[in-house]
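J.: the following block contains a protein sequence and its predicted model.
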Amino acid sequence: MENLVVISGCSGGGKSTLLAELGRRGYEIVEEPGRRIVRHELDSGGTASPWLDAEAFIRRAMATALADRAAAAQAGWVFFDRGLIDAAAGMQRLTGEPVLAPLRDAHRYHHRVFLTPPWPEIYVTDPERRHGLAEAKAEYADLLQVYPALGYDVCVLPKTGVSERADFIERVLAQDSRP
């Protein structure tokens, strides 16, 4: 679906802040599945978290991303803080299951994917993000390969203020086909 836009990239690269800005501008936004799952697991005492049961966590992230995609509006830009491909890439890294290849033709998002690069100056951990910057950079390097391999055009976001980043995305999408 050409109106579903993924913002992915390095953990701690400013994705959630950017999504909040896009939401303030009137766009539909979808919060990162992983953060929602971790928050639920912390609140309920569950174990489907990256540090307790990574496979259960990633399987739930994939299911959540599929449900998010199905529930998204059919018109207008919809911005996702990560999505199915991020979760599938994590699953393939963890288990070796070939879950990425089918996503070349199924469950598509807009052809242009925006990636936030590593940005050590703003990187922080929190109760929902416990991994360090080195792990975040490794995941980013993987995503730089995964998205193009699945036929997506990657656009790395500049390290600028949140308003400038949102303006940049709006300009790039205006040059692409409208949803």
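T.: That came through, no problem.

J.: for the residue of the chain most remote from its centre, give me phi and psi.
T.: In the chain, counting by C-alpha atoms, centre = their mean, Gly45 sits farthest out from the average C-alpha position, at 25.0 Å. Backbone torsions of Gly45, given as degrees, to the nearest 10, read phi 80, psi 20.

J.: cool, and the one 3 residues further on?
T.: Per-residue torsions, Ala48: phi -80, psi 70 (degrees, to the nearest 10).

J.: Leu66 belongs to a helix?
T.: Yes - counting by DSSP: H, G, I helix; E, B strand; the rest coil, Leu66 is found in a helix.

J.: tell me the contacts of it?
T.: Neighbouring residues of Leu66 by C-beta atoms under 8 Å, 6 or more residues apart in numbering: Leu84, His107. (Glycine included, C-beta is placed from N, CA and C.)

J.: re the thing from before, so what's the residue farthest from the centre of the chain scoring on pLDDT?
T.: Here the pLDDT value assigned to Gly45 is 88.

J.: and if you look at Ile37?
T.: Predicted confidence (pLDDT) for Ile37: 89.

J.: how about it: what's its closest non-neighbour residue?
T.: Leaving out its chain neighbours, the residue that sits closest to Ile37 by C-beta to C-beta, 6 or more residues apart in numbering is Arg60, at 5.2 Å.

J.: for Thr47, same thing?
T.: Per C-beta to C-beta, 6+ apart, closest to Thr47 is Asp53, 4.8 Å.

J.: pretty sure the one you found is touching Glu41, no?
T.: No - contact criterion C-beta atoms under 8 Å: Asp53 and Glu41 do not qualify, at 9.1 Å.

J.: could you say which helix or strand contains the residue nearest to Ile37?
T.: Applying DSSP states H and E as the criterion places Arg60 in helix 54-71.

J.: sheet-wise, list the partners of the helix or strand just after that helix with their directions.
T.: As assigned by DSSP H and E, the chain's next helix or strand after helix 54-71 is strand 78-81. Counting by DSSP bridges, the strands paired with strand 78-81 are strand 4-9 (parallel), strand 28-30 (parallel).

J.: ok, then the element right after strand 78-81?
T.: Defined by DSSP H and E, the subsequent element after strand 78-81 is helix 84-95.

J.: by contact count, what packs against the very next helix or strand once past that next one?
T.: Downstream of helix 84-95, the next assigned helix or strand under DSSP H and E is strand 112-116. Secondary-structure packing of strand 112-116 (3 or more C-beta pairs under 8 Å, 6 or more residues apart in numbering; DSSP states H and E): strand 4-9, helix 133-149, strand 153-156, helix 162-175.

J.: tell me the angle of the last one relative to strand 4-9?
T.: In this case it means helix 162-175. 140 degrees (axes from the mean of the first three to the mean of the last three C-alpha atoms, to 10 degrees).

J.: which parts of helix 162-175 are buried?
T.: Using 16 or more other C-beta atoms under 10 Å as the test for burial, helix 162-175 gives Arg165, Ala166, Phe168, Ile169, Leu173.
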